[in-house]
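In: Could you work out the structure for the sequence below:
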Amino acid sequence: MPNRILNHCGAKLIRISKFMSLGKINLITPPDKLFNLNPGILLIKPSVKVKMHFQQLLSQTDEDINVYIFDTDETNIEWMLSVCQQADIIIVDIDNCDNITKSFVSFMLAQPNVHYMTSDENTPYNLISRNRIYNLDWILDTLKEDNEEDDATED
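Out: Below you'll find the predicted structure:
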């Protein structure tokens, strides 16, 4: 039976060729958490464009990954902050955040593993964090580097 991945944006299953070797992708939303050794990526209030780009990138990796999504209709701030403490990479789409989530953006940006996207040139987020990103292309390289480091420590 071919591997399948979940298209979170449209809730469709996409068939993947049986010759492709994709990693296991765990999609986790509030209030759930998953505790394992897989790298974790938290997407906070991602736009549809960000979700689509992220999904396209995930289709190119064979890593086992936990993907936490704090989506546009989520309000469980306690869950979001808790997952921020356990995720390896956090991506905040500031332009898509509601007012409550924006209240916590400065706290999140102070963390070294948080990267943010925004078109707002007036708010000086760069004073808090230099981790502004314009796309998600760098994620695959980061996951590969982490996996190579893990393999090197096992030897």
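In: residue ranges with poor pLDDT in the chain?
Out: Applying pLDDT under 70 to the chain flags residues 1-22, 146-155.
In: can you pull the contacts of the closest residue to Pro112 other than its chain neighbours?
Out: Nearest non-adjacent residue to Pro112, counting by C-beta to C-beta, 6 or more residues apart in numbering: Asn131, 7.8 Å away. No exception for glycine: its C-beta is placed from N, CA and C like everyone else's. Contacts here follow C-beta atoms under 8 Å, 6 or more residues apart in numbering; on that basis Asn131 touches 109, 112, 114-116.
In: quick one: the helices in the chain?
Out: 48-58, 77-86, 99-102, 105-109, 138-154 (DSSP state H).
In: Highest mean neighbour count out of these?
Out: Most buried of the helices of the chain, by mean neighbour count (mean count of other C-beta atoms under 10 Å): helix 105-109, with a mean of 18.
In: So how do I select the buried members of the contacts of Asn131 in ChimeraX?
Out: The ChimeraX command for the buried members of these (criterion: 16 or more other C-beta atoms under 10 Å) is given here:
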select :109,114,115,116
